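Asker: Take this sequence and fold it.
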Amino acid sequence: MIDNGLALVMVAIVTTVGGIIVALIQLFKKENREDHALVMDAIRSVYKSVSRVEDKVDKHLVWHAEGQNERISKRSQKS
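Answerer: Purely as a prediction, here's the structure:
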């Protein structure tokens, strides 16, 4: 059917193409891990910033609430 020499060449081609595909997959996996690490660092940074802003807003709202209570009680005393 197929000559032994031709079969050997076909096996060599399939092996070479398979090796190249595996090498590319490994390269993309490495890049994906590195990209994932960068994205996780960015997410952590954003989370910290949001937490700080949230704390500041909470403190500011408490400050307003306490200030409003003082104004209301001062108005009540004037009446």
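Asker: for this structure, which spans come out with low pLDDT?
Answerer: For the chain, residues meeting the criterion pLDDT under 70 lie at 68-79.
Asker: again, only using 80
Answerer: 1-2, 67-79 (pLDDT under 80).
Asker: burial measure for Val9, as a count.
Answerer: Using other CB atoms under 10 Å, Val9 has 11 other residues around it. No exception for glycine: its C-beta is placed from N, CA and C like everyone else's.
Asker: how much space is there between it and Lys29?
Answerer: 31 Å (CB to CB, to the nearest Å).
Asker: Tell me where the protein has helices.
Answerer: Using DSSP state H, the helices of the chain run over residues 4-78.
Asker: His36 - how many residues pack around it?
Answerer: 10.
Asker: ditto for Leu38
Answerer: 10.
Asker: where's it relative to Ser45, distance?
Answerer: Where Ser45 is concerned, Leu38 sits at a distance of 11 Å (CB to CB).
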